[in-house]
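>>> One predicted model, sequence on top.
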Amino acid sequence: MLEVKDLSVIFNQGTVNEKQAIKHLNLTLNDGDFVTIIGSNGAGKSTLFGAISGDVPITEGQVFLDGADLTNQREYVRARNIGRLFQDPLRGTAPHMTIEENLALSYSRGKHYSLRPYSKKDRTVFKEALERLNLGLEDRLNTKVGTLSGGQRQALTLLMATLVTPKLLLLDEHTAALDPATSDKVLKLSQKIVEENHLTTMMITHNMEDALKYGNRILMMNNGEIIADINAEDKKTMKVEDLVRKFTDVSEANDRMLLRG
Ligand SMILES: Nc1ncnc2c1ncn2[C@@H]1O[C@H](COP(=O)(O)OP(=O)(O)OP(=O)(O)O)[C@@H](O)[C@H]1O
């Protein structure tokens with residue numbers, strides 16, 4: 001279970017560029033929750049992910065994962081339990097290393113600090129995991145990751161983030177840079193992996209249809225705050241228009257702010 005308590009993030013505090021990106025935010029996620037997060041540009045969505053995963057310093061408040069206080073933990077320590085994907089398929093994999101070497105790196109996460117030699121048994125695990133992606137990558141273990149397409153690479157990054165089951169999976173617009181068909185494929189794959197592993201997941205998206213289609217809960221953010229928390233029941237009957245209307249009702253923003261692609 002993730003608990004965010006009274007979280008504030010202020011960038012450039014005490015300077016003319018001071019910006020409070022997160023304002024006294026409280027959030028509890030139950031185990032297995034798959035939450036989609038929507039909100040206009042600059043609402044604080046990525047900053048929230050940064051504060052949870054440790055690459056953005058927390059100004060005030062606390063973050064707990066399964067009861068453990070992460071607030072002062074370094075990013076690499078939190079990474080043992082938190083998987084994170086970004087919009088840019090180039091992030092999250094080592095392009096000059098092979099598919100197999102990349103998988104071995106993530107497989108050793110939480111077990112050892114350095115790259116350990118991988119065994120025949122490990123290779124079988126990698127192959128089986130790749131087969132489940134259904135992209136034919138299981139026959140390309142020795143291919144350099146840098147030569148893969150954006151979609152193949154995001155699928156591989158997803159696999160790497162979940163090969164050792166994380167306590168929390170953070171997806172930050174992870175399909176926004178892909179063409180619509182590939183995005184759809186990677187999203188469906190994400191859902192499959194989340195469901196099979198019962199992963200607690202947060203997914204930022206600017207696509208309202210995807211926000212409604214995936215997950216069991218929607219968080220709406222604006223100006224550093226959660227302005228709406230929509231449960232599974234209400235979500236079921238909602239359409240894109242309802243979501244946009246709700247956003248304009250509870251924020252001072254207009255619908256165009258929400259719907260940037
Ligand atoms: N490292 C930083 N230094 C200063 N200000 C920052 C930094 N990172 C983010 N901000 C500011 O904090 C606010 C929240 O940014 P954030 O990236 O979290 O928004 P977002 O909701 O993810 O937006 P988008 O949908 O555009 O990705 C913005 O005003 C942004 O300019």
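Thanks, I have it.
>>> quick one: the nearest residue to Phe11 once chain neighbours are set aside from the ligand, how far?
Among residues not flanking Phe11 along the chain, Lys19 sits closest, at 4.6 Å (CB to CB, 6 or more residues apart in numbering). C-betas here are computed from N, CA, C, even on glycine. Distance, Lys19 to the ligand, using CB to the nearest ligand atom, to the nearest Å: 5 Å.
>>> How about Leu168?
18 Å.
>>> ok now do that residue, which residues does it touch?
Counting by CB atoms under 8 Å, 6 or more residues apart in numbering, Leu168 makes contact with 2, 29, 52, 65, 81-83, 199-202.
>>> Among these, name the ones in strands.
Cross-referencing these against strands under DSSP state E gives 2, 29, 65, 82-83, 201-202.
>>> so where's the protein shaky on pLDDT?
For the chain, the stretches with pLDDT under 70 are 110-117, 253-257, 259-261.
>>> What residues does this structure have near the ligand?
11-12, 19, 21, 39, 41-47 (CB under 6 Å from any ligand atom).
>>> Throw together a ChimeraX command that grabs the buried residues out of the ones in strands among the contacts of Leu168.
Filtering the ones in strands among the contacts of Leu168 down to the buried ones (16 or more other CB atoms under 10 Å) takes a single ChimeraX command:
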select :2,29,65,82,83,201,202
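>>> Show me the two of the ones in strands among the contacts of Leu168 that sit farthest apart.
Greatest spacing in the ones in strands among the contacts of Leu168, by CB to CB: Leu29 and Gly83 (14.6 Å).
>>> quick one, strands of this protein?
For the chain, strands defined by DSSP E occupy the ranges 2-11, 19-29, 34-39, 60-65, 68-69, 82-85, 168-172, 201-204, 217-222, 225-230.
>>> Format these as TSV; extra columns: distance to Thr147.
Formatted as TSV, the strands of the chain follow (distance: least, CB to CB, whole Å):
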stretch	distance to Thr147
strand 2-11	36
strand 19-29	37
strand 34-39	32
strand 60-65	36
strand 68-69	39
strand 82-85	20
strand 168-172	24
strand 201-204	28
strand 217-222	37
strand 225-230	41
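>>> do you know which of the ones you listed lies nearest Leu103?
So among those, strand 82-85 is nearest, using CB to CB, at 13.6 Å.
>>> Tell me who's in contact with the closest residue to Gly50 other than its chain neighbours.
Counting by CB to CB, 6+ apart, Val56 is the residue found nearest to Gly50 once chain neighbours are left out, at 3.1 Å. By CB under 8 Å, 6+ apart, the contact list for Val56 reads 9, 47, 50.
>>> and Gly50, how many neighbours?
Close neighbours of Gly50, defined as other CB atoms under 10 Å, add up to 21.
>>> Confirm for me that Glu101 is in contact with Tyr107.
No: between Glu101 and Tyr107 there is no contact under CB atoms under 8 Å: 10.4 Å.
>>> With neighbour numbers in mind, choose between these two.
It is Tyr107, of Glu101 and Tyr107, that has more neighbours when counted by other CB under 10 Å, with 20 against 16.
>>> Nearest residue to that one in space, ignoring adjacent ones along the chain?
Distance criterion CB to CB, 6+ apart; nearest residue to Tyr107, sequence neighbours excluded, is Leu163 at 5.4 Å.
>>> quick check: angle from the lengthiest helix in the chain to strand 34-39?
Across the chain, the longest stretch assigned as helix under DSSP state H is helix 180-197. If you take axes from the mean of the first three to the mean of the last three CA atoms, to 10 degrees, helix 180-197 sits at 140 degrees to strand 34-39.
>>> Show me which positions of helix 180-197 end up buried.
Neighbour counts using 16+ other CB under 10 Å place 182-183, 185-187, 189-191, 193-194 of helix 180-197 among the buried residues.
>>> Summarise which helices and strands it is packed against.
With contacts defined as 3 or more CB pairs under 8 Å, 6 or more residues apart in numbering; DSSP states H and E, helix 180-197 has these neighbours: helix 150-162, strand 201-204.
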